[in-house]
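A.B. asks: Fold the stuff below for me.
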Amino acid sequence: MTTPTSTPMSTPMPTPTPTPAGSAQKTLFVHNRSVQNARVVAAVEELERDWIVARVDELDARTPAVPSRARWVEELDGLLAREREETGTARYLAEEATREQFRHVVREFALDGLTEAQNFFPAVPRLPLRAQMAVMRVLIDEFGCGNLRQAHSRLYLDLLAELDLPQEPESFLDTTSDETYAFLNSFYWLTQRAPYIEYFLGALAYLEASIPHAFRTQARACERLGITHDRYYTEHLHIDTFHMKEMQIAIREYEDARGLDPDRLWTGALLMSDLIGTAFDAAVERAREAA
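C.D. replies: Okay, the predicted model is just below:
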(Lines give C-alpha, C1' and ligand atoms only; values in the text may rest on other atoms or scores of the structure.)
Protein backbone atom coordinates (compact mmCIF):
# COMPACT_ATOMS: atom_id res chain seq x y z
CA MET A 1 0.00 0.00 0.00
CA THR A 2 1.32 3.44 -0.87
CA THR A 3 -0.19 6.62 0.46
CA PRO A 4 0.56 10.02 -1.14
CA THR A 5 2.24 12.14 1.52
CA SER A 6 0.44 15.18 0.17
CA THR A 7 -2.91 13.78 1.32
CA PRO A 8 -3.48 14.63 5.01
CA MET A 9 -4.93 11.85 7.15
CA SER A 10 -7.37 14.34 8.70
CA THR A 11 -9.27 14.34 5.40
CA PRO A 12 -10.49 11.36 3.35
CA MET A 13 -7.68 9.64 1.47
CA PRO A 14 -7.93 8.26 -2.05
CA THR A 15 -9.06 4.67 -2.42
CA PRO A 16 -6.08 2.65 -1.11
CA THR A 17 -4.42 -0.41 -2.56
CA PRO A 18 -3.84 -3.47 -0.36
CA THR A 19 -0.74 -3.51 1.82
CA PRO A 20 1.89 -5.66 0.09
CA ALA A 21 3.16 -6.88 3.45
CA GLY A 22 -0.29 -8.31 4.12
CA SER A 23 -1.11 -6.47 7.33
CA ALA A 24 -4.89 -6.65 7.50
CA GLN A 25 -5.05 -4.14 10.36
CA LYS A 26 -2.95 -1.54 8.52
CA THR A 27 -5.05 -2.01 5.38
CA LEU A 28 -8.21 -1.68 7.45
CA PHE A 29 -7.00 1.56 9.05
CA VAL A 30 -6.30 3.14 5.68
CA HIS A 31 -9.64 1.93 4.34
CA ASN A 32 -11.40 3.39 7.38
CA ARG A 33 -9.91 6.81 6.62
CA SER A 34 -10.61 6.69 2.89
CA VAL A 35 -13.52 7.84 0.77
CA GLN A 36 -16.21 5.28 1.52
CA ASN A 37 -17.22 4.02 -1.89
CA ALA A 38 -18.88 0.63 -2.33
CA ARG A 39 -15.60 -1.22 -2.93
CA VAL A 40 -13.95 0.19 0.18
CA VAL A 41 -16.99 -0.54 2.36
CA ALA A 42 -17.10 -4.12 1.12
CA ALA A 43 -13.39 -4.56 1.87
CA VAL A 44 -13.83 -3.07 5.35
CA GLU A 45 -16.75 -5.34 6.18
CA GLU A 46 -14.82 -8.41 4.98
CA LEU A 47 -11.80 -7.54 7.12
CA GLU A 48 -13.96 -6.82 10.15
CA ARG A 49 -16.03 -9.99 9.81
CA ASP A 50 -13.17 -12.31 10.66
CA TRP A 51 -11.75 -10.02 13.34
CA ILE A 52 -13.88 -7.74 15.49
CA VAL A 53 -17.30 -9.18 14.61
CA ALA A 54 -16.07 -12.65 15.52
CA ARG A 55 -14.41 -11.37 18.69
CA VAL A 56 -17.52 -9.54 19.90
CA ASP A 57 -19.69 -12.57 19.17
CA GLU A 58 -17.29 -14.71 21.21
CA LEU A 59 -17.31 -12.24 24.12
CA ASP A 60 -21.11 -12.06 24.05
CA ALA A 61 -21.32 -15.85 24.16
CA ARG A 62 -18.94 -16.48 27.06
CA THR A 63 -19.43 -13.42 29.28
CA PRO A 64 -21.78 -13.86 32.27
CA ALA A 65 -24.96 -11.81 32.09
CA VAL A 66 -25.03 -8.33 33.64
CA PRO A 67 -28.62 -7.79 34.85
CA SER A 68 -28.71 -4.00 35.27
CA ARG A 69 -26.90 -0.73 34.68
CA ALA A 70 -26.05 -0.56 38.40
CA ARG A 71 -24.44 -4.00 38.17
CA TRP A 72 -22.53 -2.88 35.07
CA VAL A 73 -21.06 0.00 37.07
CA GLU A 74 -19.98 -2.45 39.78
CA GLU A 75 -18.38 -4.75 37.22
CA LEU A 76 -16.58 -1.83 35.60
CA ASP A 77 -15.28 -0.61 38.96
CA GLY A 78 -13.97 -4.09 39.68
CA LEU A 79 -12.21 -4.30 36.34
CA LEU A 80 -10.59 -0.91 36.83
CA ALA A 81 -9.47 -1.80 40.36
CA ARG A 82 -7.76 -4.94 39.07
CA GLU A 83 -6.02 -2.98 36.35
CA ARG A 84 -4.67 -0.41 38.81
CA GLU A 85 -2.28 -3.07 40.09
CA GLU A 86 0.87 -1.97 38.27
CA THR A 87 2.10 -4.40 35.63
CA GLY A 88 5.71 -5.13 34.82
CA THR A 89 5.52 -3.28 31.52
CA ALA A 90 4.02 -0.18 33.13
CA ARG A 91 6.63 -0.21 35.89
CA TYR A 92 9.43 -0.57 33.35
CA LEU A 93 8.24 2.37 31.25
CA ALA A 94 7.74 4.60 34.29
CA GLU A 95 10.94 3.73 36.14
CA GLU A 96 13.54 2.21 33.82
CA ALA A 97 12.96 2.98 30.13
CA THR A 98 15.57 5.08 28.40
CA ARG A 99 14.66 8.19 26.47
CA GLU A 100 15.00 6.25 23.22
CA GLN A 101 12.73 3.48 24.51
CA PHE A 102 10.13 6.03 25.59
CA ARG A 103 10.47 7.64 22.17
CA HIS A 104 9.66 4.25 20.62
CA VAL A 105 6.41 4.05 22.62
CA VAL A 106 5.45 7.62 21.70
CA ARG A 107 6.04 6.80 18.03
CA GLU A 108 3.97 3.62 18.35
CA PHE A 109 0.89 5.56 19.51
CA ALA A 110 1.37 8.57 17.24
CA LEU A 111 -1.49 7.61 14.93
CA ASP A 112 -3.73 7.50 18.00
CA GLY A 113 -2.59 10.88 19.32
CA LEU A 114 -2.75 12.56 15.92
CA THR A 115 -6.26 11.32 15.08
CA GLU A 116 -7.63 11.34 18.61
CA ALA A 117 -11.43 11.10 18.89
CA GLN A 118 -11.96 11.68 15.16
CA ASN A 119 -13.50 8.23 14.84
CA PHE A 120 -16.03 8.88 17.65
CA PHE A 121 -18.27 11.30 15.76
CA PRO A 122 -20.32 8.77 13.75
CA ALA A 123 -21.77 7.49 17.04
CA VAL A 124 -23.50 10.79 17.78
CA PRO A 125 -26.49 10.44 15.39
CA ARG A 126 -27.07 6.91 16.71
CA LEU A 127 -27.81 8.25 20.19
CA PRO A 128 -30.88 9.97 21.66
CA LEU A 129 -30.50 13.71 22.09
CA ARG A 130 -29.62 13.83 25.81
CA ALA A 131 -27.01 11.11 25.36
CA GLN A 132 -25.65 13.02 22.36
CA MET A 133 -25.06 16.05 24.57
CA ALA A 134 -22.98 14.07 27.07
CA VAL A 135 -20.84 12.51 24.35
CA MET A 136 -20.41 15.87 22.62
CA ARG A 137 -19.12 17.40 25.85
CA VAL A 138 -16.40 14.76 25.79
CA LEU A 139 -15.60 15.42 22.14
CA ILE A 140 -15.48 19.18 22.62
CA ASP A 141 -12.75 18.72 25.22
CA GLU A 142 -10.79 16.38 22.95
CA PHE A 143 -10.58 19.23 20.44
CA GLY A 144 -9.53 21.82 23.01
CA CYS A 145 -12.94 23.53 23.14
CA GLY A 146 -12.03 25.09 19.79
CA ASN A 147 -8.63 26.34 21.01
CA LEU A 148 -5.94 24.84 18.77
CA ARG A 149 -3.27 25.08 21.47
CA GLN A 150 -5.42 22.97 23.83
CA ALA A 151 -6.45 20.30 21.32
CA HIS A 152 -5.15 16.89 22.35
CA SER A 153 -3.65 16.21 18.93
CA ARG A 154 -1.78 19.53 19.16
CA LEU A 155 -0.36 18.44 22.52
CA TYR A 156 0.82 15.21 20.92
CA LEU A 157 2.47 17.15 18.10
CA ASP A 158 4.40 19.12 20.71
CA LEU A 159 5.58 15.86 22.28
CA LEU A 160 6.61 14.46 18.89
CA ALA A 161 8.58 17.62 18.11
CA GLU A 162 10.53 17.43 21.38
CA LEU A 163 11.46 13.83 20.60
CA ASP A 164 12.49 14.65 17.01
CA LEU A 165 9.70 12.56 15.52
CA PRO A 166 7.68 13.36 12.37
CA GLN A 167 4.57 15.52 12.51
CA GLU A 168 2.54 13.93 9.71
CA PRO A 169 0.34 10.85 10.34
CA GLU A 170 1.48 9.28 7.06
CA SER A 171 4.98 8.98 8.51
CA PHE A 172 3.78 6.38 11.02
CA LEU A 173 1.85 4.04 8.73
CA ASP A 174 4.79 1.64 8.43
CA THR A 175 5.96 1.84 12.05
CA THR A 176 2.66 1.18 13.83
CA SER A 177 2.06 -2.37 15.03
CA ASP A 178 -1.01 -4.47 14.33
CA GLU A 179 -1.86 -4.38 18.06
CA THR A 180 -2.12 -0.58 17.97
CA TYR A 181 -3.94 -0.61 14.65
CA ALA A 182 -6.51 -2.99 16.17
CA PHE A 183 -7.17 -0.50 18.99
CA LEU A 184 -7.59 2.32 16.47
CA ASN A 185 -9.74 0.31 14.07
CA SER A 186 -12.12 -0.89 16.76
CA PHE A 187 -13.81 2.49 17.16
CA TYR A 188 -14.58 2.74 13.45
CA TRP A 189 -16.60 -0.44 13.79
CA LEU A 190 -18.07 0.45 17.18
CA THR A 191 -19.37 3.81 15.99
CA GLN A 192 -20.47 2.97 12.44
CA ARG A 193 -21.13 -0.71 11.92
CA ALA A 194 -21.72 -2.32 15.30
CA PRO A 195 -25.34 -3.49 15.37
CA TYR A 196 -25.84 -2.03 18.85
CA ILE A 197 -24.44 1.31 20.00
CA GLU A 198 -24.19 0.01 23.59
CA TYR A 199 -20.93 -1.67 22.56
CA PHE A 200 -19.50 1.78 21.82
CA LEU A 201 -20.87 3.30 25.02
CA GLY A 202 -19.33 0.53 27.12
CA ALA A 203 -16.00 0.72 25.32
CA LEU A 204 -15.67 4.50 25.61
CA ALA A 205 -16.88 4.52 29.20
CA TYR A 206 -14.14 2.02 30.04
CA LEU A 207 -11.49 3.97 28.14
CA GLU A 208 -12.30 7.31 29.77
CA ALA A 209 -12.36 5.70 33.21
CA SER A 210 -9.07 3.86 32.74
CA ILE A 211 -6.91 6.64 31.27
CA PRO A 212 -6.51 8.79 34.44
CA HIS A 213 -4.64 5.92 36.07
CA ALA A 214 -2.99 4.47 32.95
CA PHE A 215 -1.40 7.74 31.83
CA ARG A 216 0.31 8.19 35.18
CA THR A 217 2.86 5.74 33.81
CA GLN A 218 3.77 8.00 30.88
CA ALA A 219 3.65 11.11 33.08
CA ARG A 220 6.12 9.52 35.51
CA ALA A 221 8.40 8.56 32.65
CA CYS A 222 8.35 12.12 31.28
CA GLU A 223 9.22 13.56 34.67
CA ARG A 224 12.09 11.11 35.18
CA LEU A 225 13.49 11.62 31.67
CA GLY A 226 13.16 15.41 31.71
CA ILE A 227 10.64 15.52 28.86
CA THR A 228 8.94 18.90 29.11
CA HIS A 229 6.04 18.43 26.67
CA ASP A 230 4.21 15.99 28.90
CA ARG A 231 0.90 17.81 28.88
CA TYR A 232 -0.70 15.30 26.52
CA TYR A 233 -0.53 12.84 29.42
CA THR A 234 -1.08 15.18 32.37
CA GLU A 235 -4.12 16.78 30.73
CA HIS A 236 -5.77 13.37 30.52
CA LEU A 237 -5.17 12.79 34.22
CA HIS A 238 -7.49 15.73 34.86
CA ILE A 239 -10.00 15.86 32.05
CA ASP A 240 -10.80 12.17 31.73
CA THR A 241 -12.13 12.12 35.29
CA PHE A 242 -14.82 14.48 33.99
CA HIS A 243 -15.25 12.40 30.83
CA MET A 244 -15.78 9.27 32.92
CA LYS A 245 -18.79 10.95 34.55
CA GLU A 246 -20.12 12.20 31.22
CA MET A 247 -20.07 8.71 29.76
CA GLN A 248 -22.09 7.40 32.70
CA ILE A 249 -24.58 10.22 32.04
CA ALA A 250 -24.72 9.22 28.36
CA ILE A 251 -25.46 5.62 29.31
CA ARG A 252 -28.16 6.62 31.78
CA GLU A 253 -29.79 8.91 29.22
CA TYR A 254 -29.67 6.16 26.62
CA GLU A 255 -31.39 3.79 29.03
CA ASP A 256 -34.11 6.34 29.85
CA ALA A 257 -34.81 7.01 26.19
CA ARG A 258 -34.52 3.58 24.59
CA GLY A 259 -33.84 0.96 27.20
CA LEU A 260 -30.47 -0.67 27.68
CA ASP A 261 -28.73 -4.03 27.36
CA PRO A 262 -26.02 -3.96 30.08
CA ASP A 263 -24.47 -7.13 28.63
CA ARG A 264 -23.45 -5.16 25.56
CA LEU A 265 -21.94 -2.41 27.71
CA TRP A 266 -19.84 -5.04 29.46
CA THR A 267 -18.76 -6.66 26.19
CA GLY A 268 -17.64 -3.24 24.94
CA ALA A 269 -15.63 -2.60 28.09
CA LEU A 270 -13.96 -6.02 28.00
CA LEU A 271 -13.15 -5.61 24.32
CA MET A 272 -11.51 -2.22 24.87
CA SER A 273 -9.62 -3.39 27.96
CA ASP A 274 -8.08 -6.21 25.96
CA LEU A 275 -7.26 -4.11 22.89
CA ILE A 276 -5.57 -1.20 24.67
CA GLY A 277 -3.81 -3.42 27.20
CA THR A 278 -2.40 -5.63 24.47
CA ALA A 279 -1.27 -2.62 22.41
CA PHE A 280 0.48 -0.99 25.38
CA ASP A 281 2.26 -4.16 26.50
CA ALA A 282 3.39 -4.92 22.95
CA ALA A 283 4.73 -1.39 22.48
CA VAL A 284 6.79 -1.45 25.67
CA GLU A 285 8.15 -4.95 25.00
CA ARG A 286 9.19 -3.96 21.50
CA ALA A 287 10.88 -0.85 22.87
CA ARG A 288 12.87 -3.03 25.27
CA GLU A 289 13.84 -5.43 22.49
CA ALA A 290 14.88 -2.59 20.19
CA ALA A 291 17.27 -1.33 22.86
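A.B. asks: Break down this protein into its helices, ranges please.
C.D. replies: Listed in chain order, the helices of the chain (DSSP state H) span 24-32, 38-48, 54-62, 69-83, 88-95, 99-108, 110-114, 129-142, 152-162, 178-192, 198-225, 231-258, 262-290.
A.B. asks: remind me which residues of the stretch 51-200 of the chain are low pLDDT?
C.D. replies: By pLDDT under 70, the stretch 51-200 of the chain contains no weakly predicted segment.
A.B. asks: Now do the end-to-end distance for stretch 172-185.
C.D. replies: 15 Å (Cα to Cα, to the nearest Å).
A.B. asks: That stretch: how far from the chain's middle?
C.D. replies: Relative to its chain's centre, stretch 172-185 lies at 11 Å (Cα atoms, centre = their mean, to the nearest Å).
A.B. asks: what comes up buried for it?
C.D. replies: Phe172, Leu173, Thr176, Ser177, Asp178, Glu179, Thr180, Tyr181, Ala182, Phe183, Leu184, Asn185 (16 or more other Cβ atoms under 10 Å). In short, each C-beta sits where N, CA and C put it, glycine included.
A.B. asks: Could you measure from the second one over to Glu86?
C.D. replies: In this case it means Leu173. To Glu86, Leu173 is 32 Å away according to Cβ to Cβ, to the nearest Å.
A.B. asks: do the same with the fifth one
C.D. replies: Taking Cβ to Cβ as the measure, Asp178 falls 26 Å from Glu86.
A.B. asks: repeat for the fourth one
C.D. replies: Look at Ser177 and Glu86: by Cβ to Cβ, they are 23 Å apart.
A.B. asks: and if you look at Ala24?
C.D. replies: 33 Å.
A.B. asks: Please apply the same query to Tyr233.
C.D. replies: Distance from Tyr233 to Glu86, counting by Cβ to Cβ: 16 Å.
A.B. asks: before we move on, what about Tyr199?
C.D. replies: Distance of Tyr199 to Glu86, given as Cβ to Cβ: 29 Å.
A.B. asks: neighbour count winner among those two?
C.D. replies: The residue with more neighbours, out of Tyr199 and Glu86, is Tyr199; 27 against 13, by other Cβ atoms under 10 Å.
A.B. asks: so who does the more buried one touch?
C.D. replies: By Cβ atoms under 8 Å, 6 or more residues apart in numbering, Tyr199 lies in contact with Val56, Leu190, Arg264, Leu265, Thr267, Gly268, Leu271.
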